[in-house]
Every structure is written in structure tokens, then in C-alpha cells.
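Student: My questions are about this predicted structure, shown below with the sequence.
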Amino acid sequence: METEAHNTSGNSGETTGLSCKKWDLKETWNACIWHGGSIFDAWFNAVAAQVGSVILTLPYTLSQMGYGFGIGFQLLYGAFGCWTVYLLSVLYAEASGRTRATGNLHKGHILQYHEVIGIVAGKWLGRITLGFNMVALTFACVLQLIACSSDVYYMNSNWNKREWLYLFGFLAIPSVLLPSIHNFRVVSLLGIATTTLTSIYMTVAAVQHGQIGHVTHQGPKSMVQFFSGATNILFSFGSHGLCIELMEAMWKPKNYKYAYVAAVFYTYFLTVPDSVSVYWAYGDILLHNSNAFGVLPKSKMKNVAIIAMILHQYVAFMLNVNPLFLAWEKLLGKHTSGRFVVKAMCRIPVVLVIWVLALAIPFFGPINSVMGAFLISFSVYIIPSVAYMRVYWRKELEEVSPSSLHLLMLSAFNMEFIKALNLLK
């Protein structure tokens, strides 16, 4: 009897030990790989979303704008982007406080850009934001697939770009299996590693090659060229469409603005040296090559950089498509479903639509400028500013007493009147 009892307790101990080991492995997996909600994860995600295929088109942009304007506009748009992310973080805190504090949202509901704007600034502005943001994110995903086929064509031209798109579109379907941006730690690290590698390659390859014969750096030749380049730079800082989802993935969303500022500085670190180096080496030839791989010499390292950029473009695709997945799930009423298999199946049509659009628009450079001019400018700069002014300017006016408001208006009128008199003199 004693022996039996001893054996029973021994087997129980072994079972408990095995279950503990399994639990430890699960905890380790979640802590190291799967659950990413820290400020460092936010930085990984922001950098991976910020720098993408545009790293290959910025030398082309410098040929359109020249050194001074090209670099200056990168710094300017980056600074504006940091400011509007700060505005969005304030609006997100307001929207989150209004909904979660009152228990109006399901526990599994992930807030999105258009929902935040709709909650704090009115449904009509939320609907406008939904339209702009969904179209912008759709074409951002389309651009990633087009960029994959454009890049690989420089390594293997046995297939044309559209034929490569058939393959890359099919390979995009597994993106439905990543639940949310909270689980993107390894994916985003891969994205940072690949763009960093490509940036270093571009800089070193251009410097080693040296300037081509009779190189010219004329700068902007027309207003059309200049503003086409400027809108391409806009696309470099156009990740605002998914920044609310990035905040939602954090344990402390209020810290996202710091992660974004750090991401912008890292973007400068990657994009300024390589774009300047390639433009220095090849000059105005780049006006006829929107993709830097089109002018850099063939080498094994170039092939490695092409593969790295293709991997990154898949990372960017997965980040940009996630808000589209969430919106589609909400439309179908499956967003808060406990069965992820159902949600994954619902996401497949989104990838198929993007795949078809990529096949219909198989060109790379001009789509950046179109997105920058018509979509990114609204989602990055205009909508956050309008929403913030609508919410907080109105609040400040309500807090000002009528007599104080009259004094402010009178003093403003007096100042303008004095300025007019000075101009007349």
C-alpha cells in the first residue's frame, strides 16, 4: 500500500512537472515573441510602418527637388507628422475615456482612427475619415505588392512584373493569420532589419561606384516635378492611418507619441544618407528611374538587398492591411468573435481585392505621388488638425466668459487695424 501510494505521488509529481514546463514554455513564448505591448514594440511597429518601398524612390525625389529642398522637406514633414501624432494621441485618450470608462465598448473591440474621430468630433467627420483612411490603406497595401514585383524584376526578368504579381499576391494570403498588431514583435523586427540593411547597401554601393561621367544635379526644373517630389516625401511619413491601432496594442498608449518621434529620427537616419548618396552618384539620370535598384550596379549584395526589401514590403503589407481587416470584421459583425478561424476566413476577401487592384495598376513610382497628394495629406495632416480644433477650440470658447470673449475680439481687431495703418504709411 505504501509502495502504491509512493508511486501515485511520484506520477503526480511528474505530471505536475510536465505541466509546469509546458506552462513555462507558453509564458516564455508570450513574453518574448507573441505579446508586444511595450514602448519598444510601439517603436518597432512605427519604424516598420514608416520606412518601406519609399526608401527606393527618395533618390528619385531628390532629383526632382534638389538636395536642399529634398532634405528640408523630409525634416519638415517629419516634424509635422510628430505634431499630428501628438494631436491624435490626445484625441485617442479623449475617445477611450468616453467609451471604455462608461463600458460602452465590448472588451475585445479595437478602436480605429475613424472611430476615434467620430466619437470626439462628430459622426460626419468620422465617416469622412473612414473613407480617406480605408482608401489610403488599401492603396498602401497595393503599393507593397507592386513594389515586390518591381524589385524582383531587377534580379530576375524571366517573368514580367505582372506575372510576379500573381505569385506575390498569393503569398500575401497568409497575412490573415496574424490576430492583431499586438502580435507583431518579430515581424516588425524583421522589417527594421531589412530596411536598415537595404539603406546601408544603397549608401555603400553608391559611394563605392562614385559619380558617373558628366553627372548633373540641376534640381527642380518645373513646379510639377517639385510638387510631385514633395508628395512622395509625404508618403514617407504617412503611417498615421494605423497609429490608433498601434496605440491600442500598447499597455500604456499615452507613450506612443514618444515612440513615434524616435521612429521619425530613425527614418531620417535611414533615408537621408542613402538618398543623398545615390543622387550624388547618379544625378539627374534618376529622373528616368523612380526605383533606385534601376541604377545601382548588379552584384550579389544587390540581390540580397532586393530580397530584404521584398521581405520588408510583406511586413509593411501586414501592418497596413490590419486596420482593413478590423473594419471588415466589424462590418460583418465578426470583430468580437471568440473564434479566430472565423475571423481569418472573413479576412481573405480583403487580400483578394488588394491583389486584383495590384494586377490592375502595375506601376510603382507615380502611385506614391498620387497617394501623397490626395490621401496621405488628409489622413496625416488635415483630419487630425481639423478634429482637434473642432473638439478643443470649441471647449475653450465655452470656458471663456462673454465679456472676455468680447475683449479678445476687440483686441484682435485693434491689432489688425494698426497693421493696416502701418501698411498705408
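Tutor: That came through fine.

Student: So residue 383 sits against residue 129, correct?
Tutor: Yes. Applying CB atoms under 8 Å as the test, residue 383 and residue 129 come out as touching, 5.4 Å apart. All C-beta spots, glycine's among them, are computed from the backbone N, C-alpha and C.

Student: Which parts of the stretch 251-400 of the chain are helices?
Tutor: 256-282, 300-332, 340-360, 365-371, 383-388, 394-399 (DSSP state H, counting those that start in this stretch).

Student: coming back round to it: shared neighbours of residue 383 and residue 129, anything?
Tutor: residue 117 (CB atoms under 8 Å, 6 or more residues apart in numbering).

Student: circling back to that earlier point, please produce a markdown table containing the helices of the stretch 251-400 of the chain, extended by distance to residue 36, mean pLDDT and mean neighbour count.
Tutor: What follows is the helices of the stretch 251-400 of the chain, written out as a markdown table (distance: least, CB to CB, whole Å; pLDDT from 0 to 100; neighbours: other CB atoms under 10 Å):
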| stretch | distance to residue 36 | mean pLDDT | mean neighbour count |
| --- | --- | --- | --- |
| helix 256-282 | 12 | 93 | 21 |
| helix 300-332 | 13 | 92 | 21 |
| helix 340-360 | 18 | 92 | 16 |
| helix 365-371 | 28 | 60 | 20 |
| helix 383-388 | 25 | 90 | 21 |
| helix 394-399 | 35 | 55 | 9 |
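
Student: Need the ones you listed in TSV (columns: distance to residue 89).
Tutor: Output for the helices of the stretch 251-400 of the chain, formatted as TSV (distance: least, CB to CB, whole Å):
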stretch	distance to residue 89
helix 256-282	5
helix 300-332	17
helix 340-360	27
helix 365-371	24
helix 383-388	10
helix 394-399	17
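
Student: Who are the contact partners of residue 108?
Tutor: Going by CB under 8 Å, 6+ apart, the list of residues near residue 108 reads 335, 336.

Student: Next one, pLDDT for residue 54 please.
Tutor: In this model, residue 54 is scored at 81, pLDDT.

Student: That one against residue 236, yeah?
Tutor: Yes. With contact defined as CB under 8 Å, residue 54 counts as touching residue 236 (4.9 Å).

Student: Show me which of these two is the more surrounded one.
Tutor: With neighbours defined as other CB atoms under 10 Å, residue 54 and residue 236 compare such that residue 236 has more, 28 against 24.

Student: Return the per-residue confidence for the more buried one.
Tutor: With respect to pLDDT, residue 236 scores 75.

Student: What of the one 3 residues further on?
Tutor: The per-residue pLDDT reported for residue 239 equals 76.

Student: For the nearest residue to residue 40 once chain neighbours are set aside, list the residues it contacts.
Tutor: Nearest non-adjacent residue to residue 40, counting by CB to CB, 6 or more residues apart in numbering: residue 259, 7.9 Å away. Neighbouring residues of residue 259 by CB under 8 Å, 6+ apart: 39, 40, 42, 43, 46.

Student: same deal with residue 50?
Tutor: 236, 237, 239, 263, 264, 267.

Student: Need these in TSV (columns: distance to residue 185).
Tutor: As requested, these are exported to TSV (distance: CB to CB, whole Å):
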residue	distance to residue 185
236	24
237	23
239	17
263	15
264	21
267	20
